[in-house]
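A.B. asks: attaching a predicted model along with its sequence, questions to come.
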There are 2 protein chains.
Amino acid sequence: MKRAIELSIENINKGGGPFGCVIIKDNKIIAEGSNKVTPTKDPTAHGEIVAIRAACKKLDNFNLKGCELYSTCEPCPMCLSAIYWARIDKIYYANTREDAKKIDFDDSLIYSEFSKNIDERKIPMIQIMRNEALKAFELWDKKTDKVKY
Amino acid sequence: MKRAIELSIENINKGGGPFGCVIIKDNKIIAEGSNKVTPTKDPTAHGEIVAIRAACKKLDNFNLKGCELYSTCEPCPMCLSAIYWARIDKIYYANTREDAKKIDFDDSLIYSEFSKNIDERKIPMIQIMRNEALKAFELWDKKTDKVKY
């Protein structure tokens, strides 16, 4: 966590947000990340996502089982979901989402959207063409040599 | 959506999952994406994330206000959060999360984790070193030339 905090402080002077993240495996840091949303103009480039991508590249695997993640702040819903998809074992965090809200990084809207029905959410979600789209799922289901994850 | 469905079908033969996505602005497709998790070994490379990153690159902006997203499947929690962070106006989707579950893409665990307290979740979340980490937030708060988003 000490290293993640260093990254979060260094990152402020590099034009990114005050968030840092490291991923460890077998007690060694295998990847680092910091918030790069504004410098790279990528809204998905939160510290955790940057670190997960780097760790997967390093291990040449989309599955990070056996890894632990240290983030200087409680992960937002996007990053928390990415941590689940990556099968990371354990999360250490320092600042809370309330701390982040105080400096105007507010993910409470997104957290609250998950408990709402689709038709009650802030961004409208409209279902169309399900019958046509199901074709891809049927083809996938029948495929014998697929890589599952 | 027709184009997104084409992408989802083409992608099966390219080694990715059966998901496609397009982003439009002013009635024109500005970015496309399909699921690249296994071919690129990146667990965050869902169709929507790939399309969002491409759209931001195209517009040279981390904010996609004025854009609409078409996904062949209801977005998972990671992608839905990314759509909120990207400030996309509207979501069209075709297959549901239940359809995806039937072919073994199951994000219901992740959806259910959000309604749980931190200490009840499947991946343990442990808070440490908040006092030390708050320093970055204080520095950010005092910074006068920051780029907010």
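C.D. replies: It's in.
A.B. asks: and for A:Tyr92, nearest residue in space, chain neighbours not counted?
C.D. replies: The shortest distance from A:Tyr92 to any residue other than its chain neighbours is 4.6 Å, reached at A:Tyr70 (Cβ to Cβ, 6 or more residues apart in numbering or on different chains). Where you see a C-beta, it was placed from the backbone N, CA and C, and this is true even at glycine.
A.B. asks: looks like the one you found contacts A:Phe19 (just checking).
C.D. replies: No - checked against Cβ atoms under 8 Å, the pair A:Tyr70 and A:Phe19 is beyond contact range at 11.6 Å.
A.B. asks: which one of those two is surrounded by more residues?
C.D. replies: A:Phe19 (32 against 27; other Cβ atoms under 10 Å in any protein chain shown).
A.B. asks: chain center to the helix or strand bottoming out on mean pLDDT in chain A: distance?
C.D. replies: Lowest mean confidence among the helices and strands of chain A (mean pLDDT, DSSP states H and E): helix A:108-113, at a mean of 90. Here helix A:108-113 is found 15 Å from its chain centre; the criterion is Cα atoms, centre = their mean, to the nearest Å.
A.B. asks: tell me the buried residues in it?
C.D. replies: By 16 or more other Cβ atoms under 10 Å in any protein chain shown, the buried positions in helix A:108-113 come out as A:Ile110, A:Tyr111, A:Glu113.
A.B. asks: before we move on, back to that, strand partners (parallel or antiparallel) of the host helix or strand of the residue nearest to A:Tyr92?
C.D. replies: Counting by DSSP states H and E, the element that carries A:Tyr70 is strand A:67-73. With DSSP bridges as the test, strand A:67-73 is paired with strand A:20-25 (antiparallel), strand A:90-95 (parallel).
A.B. asks: stretch A:34-48 - what's its average pLDDT?
C.D. replies: Average pLDDT, stretch A:34-48: 96.
A.B. asks: any idea how far apart the tips of that stretch sit?
C.D. replies: Terminal residues of stretch A:34-48 are spaced 7 Å apart (Cα to Cα, to the nearest Å).
A.B. asks: just stretch A:92-104 next, same as before
C.D. replies: For stretch A:92-104, the first and last residues are 22 Å from each other (Cα to Cα).
A.B. asks: that one: how far from the chain's middle?
C.D. replies: Between the mean C-alpha location of stretch A:92-104 and the chain-wide mean there is a distance of 16 Å, by Cα atoms, centre = their mean.
A.B. asks: now stretch A:16-25
C.D. replies: Going by Cα atoms, centre = their mean, where stretch A:16-25 is centred and where its chain is centred differ by 11 Å.
A.B. asks: list the buried residues for the helix or strand that the least confident helix or strand of chain A is followed by?
C.D. replies: On the C-terminal side of helix A:108-113, the nearest following helix or strand under DSSP H and E is strand A:125-127. Buried positions in strand A:125-127, judged by neighbour count with 16+ other Cβ under 10 Å: A:Met125.
A.B. asks: circling back: need the contact list for the residue nearest to A:Tyr92.
C.D. replies: The contact partners of A:Tyr70, by Cβ atoms under 8 Å, 6 or more residues apart in numbering or on different chains, come to A:Met1, A:Arg3, A:Ala4, A:Cys21, A:Val22, A:Ile23, A:Ile24, A:Tyr92, A:Tyr93.
A.B. asks: repeat for A:Ile91
C.D. replies: A:Ile91 makes contact with A:Glu68, A:Leu69, A:Ser71, A:Pro75, A:Ile83, B:Ile123, B:Pro124, B:Met125, B:Ile126, according to Cβ under 8 Å, 6+ apart.
A.B. asks: any low-confidence regions in chain A?
C.D. replies: For chain A, no stretch is flagged by pLDDT under 70.
A.B. asks: show me where it has its helices.
C.D. replies: Taking DSSP state H as the test, the helices found in chain A are A:2-12, A:37-40, A:47-59, A:77-85, A:97-102, A:108-113, A:130-142.
A.B. asks: which one is A:Thr44 nearest to, not counting chain neighbours?
C.D. replies: What sits nearest to A:Thr44 in space, not counting adjacent residues and going by Cβ to Cβ, 6+ apart, is B:Ala82, at 5.1 Å.
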